[in-house]
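Novice: Sharing a model prediction with you, sequence too.
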Amino acid sequence: MSNTDFALAVEDLTVSFDGFKAIDALTLYVDTNELRVIIGPNGAGKTTLLDLICGKTKASAGSIKFKNEELTGTEEHLRVRKGIGRKFQTPSIYENLSVFQNLEVSYPEGRTVLGALRFRCTDAVRQRVHAVAGEVGLAGALQMDAGLLSHGQKQWLEIGMLLMQEPDLLMLDEPVAGMSARERELTAELLQRICVGRSMIVIEHDMDFVARIAHRVTVMHQGRILAEGAMDQVQKNPKVIDVYLGH
Amino acid sequence: MKNVLQSINRSGLTGVALLAALLIIVFPLTLDIFRLNLVGKYLCYAFVAIGLVMLWGWGGVLSLGQGVFFGLGGYAMAMFLKLEASDVQSTRIQTTPGIPDFMDWNQITELPLWWKPFEHLPFALLAVVAVPALLAFVIGLAMFKRRVGGVYFAIITQAVALILSVLIIGQQGYTGGVNGITDLKTVLGWDIRTDSAKSILYFICAGLLLACVLLCLWVQKGKVGTLLLAMRDREDRVRFSGYDVAMFKVFVFCLAASISGIGGALFALQVGFISPSFVGIVPSIEMIIFTAVGGRMSLVGAIYGALLVNFGKTYFSEVFPDLWLFCMAALFIGVTVFFPQGLAGLYADKFKPWIDRLRKSEVAGGQSVQDSGTTHAADSRSDLPNSTT
């Protein structure tokens, strides 16, 4: 595969589970500073695509290049260190730790065993934790057990944990699921703020939310790309209306 | 002053201080040398128990083969002691004088090459810590890198315990077989069988145990401790935050193994022999019981657990020779059913609130003690997180 200018270049990516192709020869490019939203019916392979990019699932064929570096075959934690952050569909936070600790643990220093033994929570770490907590609206909840947060706050905390790592590619799987209208609004603003200087891929079903945040939209269906483009173009596409949006 | 006391209290050092007072002052003053030596023996198991607190309680990885590491530490120490006890003069009646007696009985005429380094005390002491850690590293790397965990890991460690004890018994000429390595006498000429040596060894044992507790506390309070708790909660989240989860598990497994090895070495010194009966499946599971009874999240609790269960074992076996195993089983089942967090959990749930209430009523009206606005995150973690597992 040739090198490209894109931050993320997925080419001819295929994964099959016992013969069933969850992702079928998919090609996708994402730019820096771009916020890409992936939509599509259930089972279209959206989450699987994120799993493949972050390494949770191994690809059967094809290539995933991040900043022109091949990722397939790289271990998950090394992909994270290259700058790929991933938020899971259900909020994945450490419920037994405080919000502060959740963020502190995500600070990208002391990631090896020896490094972690030497790690000290310095002022720089503390400042970063406070800055990120402010960004995701949890500045007042730092000492709280993360398990006591509301569902929406947990989603924000996980986004905050990713921000601590300053990833170049941020992948969010249904970040506003289970959020109130007001929380969705705040999240949309948050995503618009944080996509500067990095690439983002967001999976979402809420069309109003998608329209608010998306720079470009990719519609997936049965492991393939059905359509790609600006939101209003995609919404008018008859194929998309058929399989996903409905008449 | 009050603040200093509070920060000590928060960091869990009060419990360590109380334990230290018990081990270093109360026991030596109140127990005769026979009983003190017995307590010293129990404390050797406590090393394994605090290793299990780190591995099982904090790391969430249950190993049913910790006896392996206890045994390896014990054998490393016993090999040195045996070589010192087998000088040419005292073994002159053997066919080959100067080698351990059991080798002579098994028609071995030369000291095996891998026994030779154990003639040196520094090597033996290093081996006490390094051999268990090395084995744990190899097993851990093989298992955790392949994401083997939970029940499968427990079964595999149990198999390792079985393999090692069969190996030791089978290689009688090199290991002393089922009898183990016996008749250990001196360390660099210092007779370890005298009463004064026994009491000195007791203090060394208690001191090393407390040092290990402090080491583990330090690990718990640092980032590794936080990561271990995080891994128990959401392993994937830790992995996708850029950490090699397997290596942290390997680390804690090696830590637990090394600490167990120290316990084994002190056992060989204090009891005067080591045998495969401390390596196999049954002792490994007994060590789990000590930890469960004491509370698997609490280092200090695990030590009390080891002491209590062993006292119980001695007492029951003296009073009800036929029934003591049932008594032990009842104790274990009772504790796991009624106090899943062990003695430490019992303390945290029942006694601590009561003590706190007493304290509060004492200082009521005085200056406020609840000034925790500036607490850092690490301080807000209690010794016993309300884990649901």
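Specialist: Received, thanks. Numbering: from 1, shown residues only, chains lettered A, B, ... in the order given.
Novice: which stretches of chain B aren't confidently modelled?
Specialist: B:1-11, B:362-389 (pLDDT under 70).
Novice: Kindly recompute the last result at 50.
Specialist: Within chain B, the ranges that satisfy pLDDT under 50 run B:1-2, B:4-5, B:7-9, B:365-389.
Novice: and the residue most central in space within chain A, bridged to which residues?
Specialist: Note on chain A: the residue nearest the mean C-alpha position is residue A:171, at 1.3 Å, using CA atoms, centre = their mean. Listed by DSSP bridges, the beta-bridge partners for residue A:171 are residue A:86, residue A:201.
Novice: and it, how far is that from residue A:53?
Specialist: For residue A:171, the distance to residue A:53 equals 7 Å [CB to CB, to the nearest Å]. C-betas here are computed from N, CA, C, even on glycine.
Novice: what sits in contact with each of the two?
Specialist: A:84, A:86, A:201 (CB atoms under 8 Å, 6 or more residues apart in numbering or on different chains).
Novice: with the residues you listed in mind, which one is nearest to residue B:43?
Specialist: residue A:86 (46.7 Å; CB to CB).
Novice: List, one by one, the residues from chain A near chain B.
Specialist: Counting by CB under 8 Å from any CB of the partner chain, the residues of chain A close to chain B are A:54, A:56, A:75-77, A:80-81, A:85-86, A:88, A:92-98, A:100-101, A:104-106, A:108, A:110-113, A:116-117, A:119, A:121, A:142-143, A:158, A:161, A:165.
Novice: related to what we said a few turns ago, from the shared contacts of residue A:171 and residue A:53, list just the buried residues.
Specialist: A:84, A:86, A:201 (16 or more other CB atoms under 10 Å in any protein chain shown).
Novice: circling back to that earlier point, what's the pLDDT at the residue nearest to the centre of chain A?
Specialist: Per-residue pLDDT puts residue A:171 at 96.
Novice: Might you report the residue contacts of it?
Specialist: Listed by CB under 8 Å, 6+ apart, the contact set of residue A:171 reads A:50, A:53, A:54, A:84, A:85, A:86, A:87, A:200, A:201, A:202.
Novice: I'd guessed residue A:52 sits against residue A:13; true?
Specialist: Yes. With contact defined as CB atoms under 8 Å, residue A:52 and residue A:13 form a contacting pair (6.3 Å).
Novice: so how far is residue A:169 from the residue nearest to residue B:235 when sequence neighbours are not counted?
Specialist: Take residue B:235 and drop its neighbours on the chain: the residue closest to it by CB to CB, 6 or more residues apart in numbering or on different chains is residue B:245, 5.8 Å away. Taking CB to CB as the measure, residue B:245 falls 21 Å from residue A:169.
Novice: What residue in the stretch 51-200 of chain B comes nearest to chain A?
Specialist: The nearest approach of the stretch 51-200 of chain B to chain A comes at residue B:145, 9.7 Å away (CB to the nearest CB).
Novice: now that residue, nearest residue through space, not along the chain?
Specialist: Nearest to residue B:145 is residue B:246, by CB to CB, 6+ apart, at 4.8 Å.
Novice: now do residue B:183
Specialist: residue B:85 (5.9 Å).
Novice: how near is that neighbour to residue A:170?
Specialist: 66 Å.
Novice: So between the two, which is more surrounded?
Specialist: residue A:170 (24 against 18; other CB atoms under 10 Å in any protein chain shown).
Novice: thinking the more buried one is in contact with residue A:162, fair?
Specialist: Yes. Between residue A:170 and residue A:162 a contact is recorded at 5.9 Å, counting by CB under 8 Å.
Novice: any shared contact partners between these two?
Specialist: A:85, A:87.
Novice: ranges for the helices of chain A?
Specialist: Counting by DSSP state H, chain A has helices at residues A:46-54, A:76-82, A:99-105, A:113-118, A:123-135, A:151-164, A:181-194, A:207-213, A:231-236, A:238-240.
Novice: Relative to the whole chain's centre, how far out is the shortest one?
Specialist: In other words, helix A:238-240. Centroid displacement of helix A:238-240 relative to its chain, using CA atoms, centre = their mean, to the nearest Å, is 26 Å.
Novice: One more: the third one?
Specialist: Distance, stretch centre to chain centre, for helix A:99-105: 19 Å (CA atoms, centre = their mean).
Novice: what's next to it, contact-wise?
Specialist: A:93-94, A:97, A:121, A:125, A:129, A:132-133, A:138, A:141-146, A:149, A:157, A:160-161, A:164, B:223, B:226-227, B:230, B:238, B:241, B:376-378, B:380-381.
Novice: Skipping adjacent residues, who's closest to residue B:342 in space?
Specialist: residue B:295 is the one closest to residue B:342 (CB to CB, 6+ apart), at 3.0 Å.
Novice: Might you report the residue contacts of that neighbour?
Specialist: B:57, B:301, B:302, B:305, B:339, B:341, B:342, B:343, B:344, B:345, B:346, B:384.
Novice: ok, now how distant is it from chain A?
Specialist: 16 Å (CB to the nearest CB, to the nearest Å).
Novice: Next: residue B:14.
Specialist: Counting by CB to the nearest CB - residue B:14 and chain A are separated by 22 Å.
Novice: That residue: neighbour count?
Specialist: Going by other CB under 10 Å, the residues that sit close to residue B:14 add up to 13.
Novice: That one sits in which helix or strand?
Specialist: Per DSSP states H and E: residue B:14 is located in helix B:13-21.
Novice: gap between that helix and the chain center?
Specialist: 18 Å.
Novice: which neighbours do residue A:52 and residue A:13 share?
Specialist: Counting by CB under 8 Å, 6+ apart, the residues touching both residue A:52 and residue A:13 are A:23, A:59, A:64.
Novice: Who is the last one paired with across the strands?
Specialist: In this entry, residue A:64 is beta-bridged to residue A:10, by DSSP bridges.
Novice: got a list of what it touches?
Specialist: A:8, A:9, A:10, A:11, A:13, A:52, A:53, A:70, A:71, A:72.
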